[in-house]
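Colleague: requesting a structural model of the entry that follows:
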Amino acid sequence: MDLSNAEEVKKIVDGCIRGNVKYQQILYKATYGKMLGLCLRYAENKEEAKDFLHDGFIKVFEKIKFFKHSGSIEGWIRRIIVNNTIDTIRRKNRMAFTNDSENDLMKLSADTNDNIDDINTMQANAEIIIGLIQELSPAYKTVFNLYVIEEYTHKEIAEMLNISIGTSKSNLAKAKARLKNMFIEKYGEYNG
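Modeller: Numbering: from 1, shown residues only. Coordinates of the predicted model:
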């Protein structure tokens with residue numbers, strides 16, 4: 001299914017608005033792989049990721065009448081699924097964010113930025129990095145994914161998670177430091 005074709009997308013969206021199961025299945029199947037991958041980044045395991053995905057698509061189909069056709073349908077679905085996943089995680093109170101003073105944050109940032117300014121500089125393949133991200137605490141994993149992968153700002157993350165901007169920055173810095181340490185522990189020297 002070509003979700004870049006505006007006419008096809010309009011036909012699918014209109015069908016979904018009418019509650020037509022055929023069109024809902026087309027949209028679901030066309031985006032399933034990418035959205036499951038997205039959910040896996042926030043989940044503790046594959047079953048939880050599938051739950052996030054299922055709940056996210058329920059929201060997608062409830063809100064599809066609000067899709068404006070001004071951007072990609074895939075991006076619109078992604079945002080709903082991320083927001084729904086974050087809401088679910090927050091409701092479960094799984095995230096224990098650390099709130100550090102500015103001095104502690106600056107020291108931590110200085111310590112970690114010397115060697116790990118950007119996690120993408122790791123000389124490892126994506127599977128290794130994804131595996132390490134999965135081992136982070138829910139709070140670190142969530143902030144890391146939102147900032148690095150989803151490219152939200154710290155201000156947006158703070159609003160989504162009901163935390164301060166400093167807490168978002170602190171959790172990102174600690175996630176990066178933890179990833180670096182886990183990488184060294186499992187694979188030896190880090191050459192970042």
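
Colleague: count of neighbours near Glu7?
Modeller: 8 (other CB atoms under 10 Å). From N, CA and C alone the C-beta is placed, and that goes for glycine too.

Colleague: actually Glu74, not the one I typed
Modeller: When neighbours are counted by other CB under 10 Å, Glu74 registers 16.

Colleague: dump the C-alpha coordinates for the helix or strand hosting it into PDB.
Modeller: Assigned by DSSP states H and E, Glu74 falls within helix 73-91. Taking Å, rounded to 0.1, in the frame of the first residue of the first chain, the C-alpha atoms of helix 73-91 are listed here in PDB:
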ATOM      1  CA  ILE A  73      -0.700   9.800   7.600                       C
ATOM      2  CA  GLU A  74       2.200   7.800   8.900                       C
ATOM      3  CA  GLY A  75       3.600  10.700  10.800                       C
ATOM      4  CA  TRP A  76       0.100  11.500  12.200                       C
ATOM      5  CA  ILE A  77      -0.300   7.900  13.300                       C
ATOM      6  CA  ARG A  78       3.200   7.800  14.900                       C
ATOM      7  CA  ARG A  79       2.400  10.900  17.000                       C
ATOM      8  CA  ILE A  80      -0.800   9.400  18.300                       C
ATOM      9  CA  ILE A  81       0.800   6.100  19.100                       C
ATOM     10  CA  VAL A  82       3.700   7.800  20.900                       C
ATOM     11  CA  ASN A  83       1.400  10.000  22.900                       C
ATOM     12  CA  ASN A  84      -0.800   7.100  23.800                       C
ATOM     13  CA  THR A  85       2.100   5.000  24.800                       C
ATOM     14  CA  ILE A  86       3.600   7.700  27.000                       C
ATOM     15  CA  ASP A  87       0.100   8.200  28.600                       C
ATOM     16  CA  THR A  88      -0.100   4.500  29.300                       C
ATOM     17  CA  ILE A  89       3.400   4.400  30.800                       C
ATOM     18  CA  ARG A  90       2.700   7.400  32.900                       C
ATOM     19  CA  ARG A  91      -0.600   5.900  34.200                       C
END
